[in-house]
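**Student:** My questions are about this predicted structure, shown below with the sequence.
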Amino acid sequence: MKIELITGDITKIESDAIVNAANSSLLGGGGVDGAIRRTGGDAILEECRKIRNRQGKCKTGEAVVTTAGNLPAKYVIHTVDPVWNDNEEKSSKLLANCYKNSLELAESLNVKTIAFPNISTGVYRFPKELAGKIAIDEVKNFKSDIIEKIIFVCFGDENEEIYKKLLKE
C-alpha cells in the first residue's frame with residue numbers, strides 16, 4: 001500500500017472512502033465530524049440515524065459506514081475516537097482499533113483508496129506525536145491485497161511535520 005501525506009481539508013479529498021472521527025451517538029459533532037456532515041449533506045446523518053436505531057450507540061474504536069453524500073468519495077467510515085484521559089495504554093489501544101477497524105471495513109467494501117484525518121488530536125486532546133505513531137504503525141502493519149493507497153490528511157502544519165518525521169523512521 002502506498003502512503004500519501006497531505007495538509008488540507010478531508011472533505012475535498014477524492015478517495016473511495018474518507019474516515020470520520022465520530023462520537024458514540026453518530027449524530028454529529030464539531031471538528032472533522034461537523035465539516036464532513038456540513039459538506040456531505042443530510043444523507044450522511046440520515047444513514048447514521050438508521051444505524052443508531054438498529055444497533056444503538058457505537059463503542060469507542062468501532063467503525064460503521066454510510067454514504068458520502070455530496071463528498072467526492074463513495075463512503076464515509078465513521079469511527080468513534082477516544083478522548084485522551086492520561087491512561088496511555090487504554091487510550092492507545094482504542095485509537096489503534098479506530099484505524100484497524102476502519103481499514104477492515106474499507107477492505108470489506110473493496111475500497112482502493114482511503115483518507116484518514118488526525119483522529120483524536122483536536123478537542124479530544126490525544127497527544128499528537130503518540131497519535132501519529134499509532135496511526136502510522138497500524139497502517140504499516142495492516143496487510144491488504146485490496147487497499148492500494150492510504151492518505152493521511154493533516155489538519156495544520158504541526159501534524160504534517162509530525163507525520164513526515166514518523167514516516168521517515
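**Tutor:** Arrived safely, thanks for sending.
**Student:** could you measure residue 84 against residue 130, distance?
**Tutor:** Noted for residue 84: a distance of 9 Å to residue 130, by CB to CB, to the nearest Å. C-betas here are computed from N, CA, C, even on glycine.
**Student:** ok, now residue 3?
**Tutor:** For residue 3, the distance to residue 130 - CB to CB - is 19 Å.
**Student:** Could you do residue 116 as well?
**Tutor:** Plainly put, residue 116 is 16 Å away from residue 130 if you go by CB to CB.
**Student:** What ranges does this structure have for its strands?
**Tutor:** 2-7, 15-22, 63-67, 73-80, 113-116, 149-154 (DSSP state E).
**Student:** any chance of the ones you listed in TSV, plus mean neighbour count?
**Tutor:** TSV is the format used below for the strands of the chain (neighbours: other CB atoms under 10 Å):
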stretch	mean neighbour count
strand 2-7	14
strand 15-22	27
strand 63-67	20
strand 73-80	24
strand 113-116	25
strand 149-154	22
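**Student:** could the ones you listed be laid out in JSON lines, adding distance to residue 100 and mean pLDDT?
**Tutor:** Output for those, formatted as JSON lines (distance: least, CB to CB, whole Å; pLDDT from 0 to 100):
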{"stretch": "strand 2-7", "distance to residue 100": "16", "mean pLDDT": "96"}
{"stretch": "strand 15-22", "distance to residue 100": "12", "mean pLDDT": "97"}
{"stretch": "strand 63-67", "distance to residue 100": "9", "mean pLDDT": "97"}
{"stretch": "strand 73-80", "distance to residue 100": "10", "mean pLDDT": "97"}
{"stretch": "strand 113-116", "distance to residue 100": "12", "mean pLDDT": "98"}
{"stretch": "strand 149-154", "distance to residue 100": "13", "mean pLDDT": "97"}
